[in-house]
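Peer 1: this one's sequence-less:
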Ligand code: ADE
């Protein structure tokens, strides 16, 4: 999978793409990323990429021209399966959306800023609008990082234990069961006996019970969608 990110703050991605799972995915050549500075496509001498909103009002609006020029150049090199715009009024990111995106070859993510982008960008150039939650961030970069992380970790071969993405919370509509590691007894706080029993059937049953119990307690809406 390849992801191009269009942003006004390219350095925000330096660490994100070069640490942990995303870096491992890049090293294994399962994933590549290119971060593009939108300012390089500014059409004015001042390198500005935003302007006042028609009709007045607070805040600046990202202009269509730099974005359209940037996308046009990128599209001479690859065909995107989705051109994603990060915005608080987009479709809320879910495990189901991450799963779907993980099946794609080429993604482009445009990070929003200021008051947003000229609506014509959304109408004509964007194929998918994603929000990471009902709160407003100062820019779309963190949202783009969340999208990239949630998608890339699902690519086959990225996680060392092939089954571990399948047992993630939400993957089967349930929250994951609790996990424990050594020591079995920490100052009297003991690991549930069943996990030490060696009986895989009992362990699997216990984990399923815990998942259902946790989901009912913490996210009951997942049980009755
Ligand atoms: N940009 C600002 N807030 C956002 C959010 N909640 N999700 C995605 N992009 C955003």
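Peer 2: Structure's in. What do you need? Keep in mind that this is a model prediction, so the values were computed, not measured. Numbers count the residues shown, from 1 in each chain.
Peer 1: Any figure for the gap between the residue in the chain sticking out farthest from the centre and the ligand?
Peer 2: Relative to the centre of the chain, and counting by CA atoms, centre = their mean, the farthest-placed residue is residue 188 at 39.4 Å. For residue 188, the distance to the ligand equals 43 Å [CB to the nearest ligand atom, to the nearest Å]. C-beta: built from backbone N, CA, C; applies to glycine.
Peer 1: give the contact list for that residue.
Peer 2: With CB atoms under 8 Å, 6 or more residues apart in numbering as the criterion, no residue contacts residue 188.
Peer 1: Next, the buried residues of the lengthiest helix in the chain.
Peer 2: Longest helix in the chain, counting residues (DSSP state H): helix 200-218. Across helix 200-218, burial judged by 16 or more other CB atoms under 10 Å covers 203, 206, 207, 210, 211, 214, 215.
Peer 1: list the contacts for the nearest residue to residue 68 once chain neighbours are set aside?
Peer 2: Among residues not flanking residue 68 along the chain, residue 125 sits closest, at 6.3 Å (CB to CB, 6 or more residues apart in numbering). By CB under 8 Å, 6+ apart, the contact set of residue 125 is 64, 67, 68, 71, 83.
Peer 1: following the strand or helix carrying the fourth one, which helix or strand comes up?
Peer 2: In this case it means residue 71. Assigned by DSSP states H and E, residue 71 falls within helix 64-77. Proceeding N to C from helix 64-77, the next assigned helix or strand is strand 82-92, under DSSP H and E.
Peer 1: quick one: average pLDDT of that following strand?
Peer 2: Averaged over strand 82-92, pLDDT sits at 97.
Peer 1: Quick check: next helix or strand after it?
Peer 2: helix 95-101.
Peer 1: now that following helix: how far from the chain's centre is it?
Peer 2: 9 Å (CA atoms, centre = their mean, to the nearest Å).
Peer 1: Mind giving me the packing neighbours of the helix or strand just after it?
Peer 2: Next helix or strand after helix 95-101 toward the C-terminus (DSSP H and E): strand 106-111. Secondary-structure packing of strand 106-111 (3 or more CB pairs under 8 Å, 6 or more residues apart in numbering; DSSP states H and E): strand 2-7, helix 64-77, strand 82-92, helix 141-152.
Peer 1: Could you check the first one and say which residues are buried?
Peer 2: Of the residues in strand 2-7, those buried by neighbour count under the rule 16+ other CB under 10 Å are 3, 4, 5, 6, 7.
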